[in-house]
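> Just a sequence and a predicted model for now, questions to come.
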Amino acid sequence: AAAGGEGGDRPVVTCKTWAVFDYAADCVIQGHKEGSRRPPASLTKIMTAHVILKLCALDPEVLGEEVTVSQRAASVIGTSASLRAGDVLTVLDLLYGLMLPSGNDAATALAEHFGRRVFVRGAVRRARTAALRLKKAIKDKGVAG
């Protein structure tokens, strides 16, 4: 989404589908085709960042951990943070590479660094909870899902 200008203009959203969810109120505030099915790639990256940031809340030094990018991570297809095998970056740098260009390579490097069990246990549980809450909110709003 790009800002629409100054003076309180609404942002311009170019996504095919989107939803703004108020977690505290447990409802969808606004959306466009929020009940339609979409591939989960970006959601997976958001959940990856979420799980890592939860770890960082417990131990802020995690952000400074150094990660060496593997050949596998550097070779992942799709959107990229332009990482090369052998690059050494901090977890914080990889989070930027994960979220800003939506880097599949950064996601893979982070997953390799933190281990599969952390993501399977943490991300799946949180994703299921979030999906159920969003599905309920969409249903309550009257949107077919």
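In hand now; what should we look at? Source: prediction; values computed, not measured.
> Can you show me the strands along the protein?
For the chain, the strands defined by DSSP state E cover 18-22, 27-32, 66-68, 88-90.
> Of the ones you listed, which is nearest P60?
Closest approach to P60 among these is made by strand 88-90 (12.2 Å; CB to CB). Placement of C-beta: from N, CA and C, glycine included.
> and that closest one, how far from the chain's centre?
A distance of 20 Å separates the centroid of the chain from that of strand 88-90, by CA atoms, centre = their mean, to the nearest Å.
> out of the strands of the chain, nearest to S102?
The closest of the strands of the chain to S102 is strand 18-22. By CB to CB, the value is 14.9 Å.
> helices and strands around that closest one, which ones?
Judged by 3 or more CB pairs under 8 Å, 6 or more residues apart in numbering; DSSP states H and E, the packing partners of strand 18-22 are strand 27-32, helix 116-141.
> buried set for that strand?
A19, F21 (16 or more other CB atoms under 10 Å).
> shift numbering so it begins at 461
Noted, 461 is the first residue going forward, which turns the last one into strand 478-482.
> Tell me which residues touch L558, please.
K505, T508, A509, A541, A566, A567, L570 (CB atoms under 8 Å, 6 or more residues apart in numbering).
> Repeat that for D565.
With contacts defined as CB under 8 Å, 6+ apart, the neighbours of D565 are V529, A533, A534, V536, S540, A541, S542, L543, G557.
> tell me the pLDDT at it?
Per-residue confidence at D565 stands at 96 (pLDDT).
> Please apply the same query to the one 4 residues further on.
Reading off the per-residue confidence, A569 sits at a pLDDT of 95.
> what's the distance between the nearest residue to it once chain neighbours are set aside and V551?
Distance criterion CB to CB, 6 or more residues apart in numbering; nearest residue to A569, sequence neighbours excluded, is A533 at 4.1 Å. For A533, the distance to V551 (CB to CB, to the nearest Å) stands at 14 Å.
> Which of these two has more residues huddled nearby?
Set side by side, A533 and V551 show unequal neighbour counts under other CB atoms under 10 Å, the larger going to A533 at 26 against 22.
> List the contacts of the residue most central in space within the chain.
Compute the mean C-alpha point of the chain, and by CA atoms, centre = their mean the closest residue is I506, 0.9 Å away. Residues in contact with I506, defined by CB under 8 Å, 6+ apart, are M559.
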